[in-house]
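J.: can't give you the sequence, but here's the structure:
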Ligand code: HDD
């Protein structure tokens, strides 16, 4: 009854090669009619969305349910029509004066078709242009009910959500696994209207005041002259800005840590970043920070792996999210809050809660779970949903209010404003994905892309002509009741408070909280990024910033750059580490992990089949890798190959199992009676693609298992059989059992530190 096991069974059914050859049904799937790939000659309705796909469930701007009709309105009837619904008999030939004659201006269909195509693109988001999204459900535990009156946070309330993940710097078509912050934006379609939590996977921000947002983004985006590099922070303008502007130090350090290269969107934490103010039914207020905790744990790539993926599968994160949902392995997060008393100074344990470059360590204020998010449906149209969704930090519901964080204040302006250019006018809330599920009865009228047909004559208040409608909610149910916070008496100034001036103690806490291997990765990242800068002065300034965080960090990066390490210019902060910040040292569920099962031409197919089934039974995904695509073996026992040596690459797998042979003394990868200590000729007898796959998996700290008959292939790849996390077993399933606990730890950390 475990949903993960059920999902795994679904995957098994889909992957199983038992019995059915292509002529009997869908390749590999018994008893299912093969679809015809010939062009149909009879009209029929468009194909329905796949079971894992859905469009937004909406009401019209005036509150009428539209639901699934939305999709039907967009594409209905069997015949091709123009935009006016008139049927067409040809869409492949322009209207010409004779077959070789000139095309005629009166070809209305040609003009409409090309005119519409010419305008298909809208401006990409100025930041967070590259994104992927999914629908889901948020279920509240009710544990926040004492601190907020928000209806969707009462006990056991289910709220539909749409979540969009993104990188920040890259264009829409850029690669997924670049080193960058990730956006984590959630739209809750609550019964009281839309609430948007527009957060990131990093809990702090580069700047403390929104007026500097254009500066930090101009610095991070490609250089204006050559427009390079794409989606990278490893260049002069970024490092020029963040080293001159030291409030960026904390966020930059998180970016240089493993958090900057997540393994999957499903294994990222999310943060609301700012401090928000919750208001309960009695009008009492509490300051909070929002957290998303992934059920699968927080996991990252290693840098070399991320770079390889950007070449071999630039859509890695997007694909992973959609595949997981389609396979039924629905990603889950727990929603939590850290709570702080709403005191006049808005600080907690000396930490200024209005400064978005600060975190509050979980050891000081534990994250209290208040609900669960499950993403269970893929969008059915990328443009209509993922591209047109519009988030706004000012989309708030009663019970959730903002604070005076100056970064948040500027955001409250920016997110509405940007949609005017991006979505072409102020009616973007009427786009299906943006429509609230609560009935809308506003007095906003007309403008571009108005799709509502408003009734009545009096979109103003007070009125008598429309019966006085719409009425106002009472103060107990209405939103935007500003909390009567006292504003300290002061003069108008362009200044930051004194408490915003400490830029190094929080970064030092982060550094001290890292395990040795995480520190090694941070050193590697700074060495790489500063090493990519041309200007010597920028590298030197970068080292100065590091010296103010920690002398060892500075010395190691300086050594890598071949420059002297400067001394600190501020006293090093005396801070306690926060163990919750480290990603290493925990054990996590292995649901959805991908195990590559590599077999050679003479491999033990029985063993491969048994391992595949055992992997599925664990709720993980087995991918069989063989010299060529197609099937392994014949008849009822045939095994479907998911990756050939040409299409497989180590980066896709969390662990690799190397199939042995059924016979003793043979070698599954071709060479016979191979012994350890192969000479170069013997090594060359092994397929170099398998050797590359194994050596990469080894370098990247992945669990590797091999069973009898595969030892020499390991040897040929230079993978020592006695290294940590390398298991040589008697049988496939026996070997798998021994690597399971390694997968739970994400990587074989003992194999690091290594400069990858
Ligand atoms: Fe922002 C998009 C997150 C500061 C201005 N931001 C955007 C998205 C995320 C964030 C996740 C993508 C939303 C989507 O998927 O459509 N932004 C943040 C966080 C910040 C932050 C966590 C700091 C705590 N942003 C920030 C500032 C400004 C903006 C200070 C402007 C002053 N952000 C925008 C924007 C974007 C945006 C220009 C681009 C596209 C959009 O809004 O709809 O308005």
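T.: It's in. Model, not experiment: these values are computed from the prediction.

J.: how does the protein divide up, domain by domain?
T.: For the chain, automatic domain parsing gives the domain ranges 131-207+259-434, 443-472, 501-581, 594-751.

J.: mind putting the ones you listed in CSV, mean pLDDT included?
T.: Converted to CSV, the domains of the chain look like this (pLDDT from 0 to 100):
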stretch, mean pLDDT
domain 131-207+259-434, 97
domain 443-472, 91
domain 501-581, 97
domain 594-751, 89
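
J.: With respect to residue 51, which of these lies nearest?
T.: domain 131-207+259-434 (8.4 Å; Cβ to Cβ). All C-beta spots, glycine's among them, are computed from the backbone N, C-alpha and C.

J.: picking that back up, what's the closest of the domains of the chain to the ligand?
T.: For the ligand, the closest of the domains of the chain is domain 131-207+259-434, at 2.6 Å, according to Cβ to the nearest ligand atom.

J.: quick one: is the closest one near the ligand?
T.: Yes. Using Cβ under 6 Å from any ligand atom, a contact is recorded between domain 131-207+259-434 and the ligand, made by 131, 164, 166, 183, 185, 198-200, 205, 273-274, 356, 389-391, 407, 410-411, 414-415, 418.

J.: Look at that domain and report the distance between its end residues.
T.: End-to-end distance for domain 131-207+259-434, by Cα to Cα, to the nearest Å: 16 Å.

J.: again with stretch 276-285
T.: Start-to-end, stretch 276-285 (Cα to Cα) is 10 Å.

J.: Give me the distance from that stretch to the chain's centre.
T.: 31 Å (Cα atoms, centre = their mean, to the nearest Å).

J.: what does stretch 541-554 give?
T.: So, by Cα atoms, centre = their mean, the centroid of stretch 541-554 is 31 Å from its chain's centroid.

J.: try stretch 146-164
T.: Between the centre of stretch 146-164 and the centre of its chain there are 22 Å (Cα atoms, centre = their mean).

J.: so where's the longest strand in the protein?
T.: Criterion DSSP state E: the longest strand present in the chain is strand 368-379.

J.: So which bits of that strand are buried?
T.: 368, 370-379 (16 or more other Cβ atoms under 10 Å).

J.: can I assume residue 159 is in contact with residue 150?
T.: No. Applying Cβ atoms under 8 Å, one finds residue 159 not in contact with residue 150, separated by 10.0 Å.

J.: Please report the distance of the closest residue to residue 480 other than its chain neighbours from residue 427.
T.: Counting by Cβ to Cβ, 6 or more residues apart in numbering, residue 480 lies nearest to residue 396, which is 7.3 Å off, once chain neighbours are set aside. Distance check for residue 396 against residue 427: by Cβ to Cβ, to the nearest Å, it reads 20 Å.

J.: and residue 122, how many neighbours does it have?
T.: The tally of other residues near residue 122 (other Cβ atoms under 10 Å) stands at 13.

J.: And for residue 450?
T.: Neighbours of residue 450 using other Cβ under 10 Å come to 15.

J.: Quick one: residues contacting the nearest residue to it once chain neighbours are set aside.
T.: Nearest non-adjacent residue to residue 450, counting by Cβ to Cβ, 6+ apart: residue 427, 5.4 Å away. Residue 427 makes contact with 447-451 under the criterion Cβ atoms under 8 Å, 6 or more residues apart in numbering.

J.: hang on, the earlier thing: give me the contacts around the longest strand of the chain.
T.: 50, 52-55, 133-141, 143-144, 153, 161, 163, 186, 292-293, 321-322, 325-326, 330-339, 385-386.

J.: and the domains of the chain as a markdown table, adding distance to residue 236?
T.: Formatted as a markdown table, those follow (distance: least, Cβ to Cβ, whole Å):
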| stretch | distance to residue 236 |
| --- | --- |
| domain 131-207+259-434 | 15 |
| domain 443-472 | 40 |
| domain 501-581 | 5 |
| domain 594-751 | 29 |
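
J.: The longest strand of the chain pairs with which strands, parallel or anti?
T.: strand 53-54 (parallel), strand 131-140 (antiparallel), strand 332-341 (antiparallel) (DSSP bridges).

J.: buried set for the second one?
T.: Neighbour counts using 16+ other Cβ under 10 Å place 131-136, 138-140 of strand 131-140 among the buried residues.

J.: now do the last one
T.: When burial is assessed from 16+ other Cβ under 10 Å, strand 332-341 yields the following buried residues: 332-340.

J.: all helices of the stretch 251-400 of the chain, in order?
T.: Using DSSP state H, counting those that start in this stretch, the helices of the stretch 251-400 of the chain run over 303-312, 316-327, 382.

J.: Tabulate the ones you listed (a markdown table), appending mean neighbour count.
T.: Listed next are the helices of the stretch 251-400 of the chain as a markdown table, based on neighbours: other Cβ atoms under 10 Å:
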| stretch | mean neighbour count |
| --- | --- |
| helix 303-312 | 18 |
| helix 316-327 | 20 |
| helix 382 | 14 |
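
J.: which residues of the stretch 201-350 of the chain fall in strands?
T.: Applying DSSP state E, counting those that start in this stretch to the stretch 201-350 of the chain gives strands spanning 270-271, 276-279, 285-294, 332-341, 347-348.
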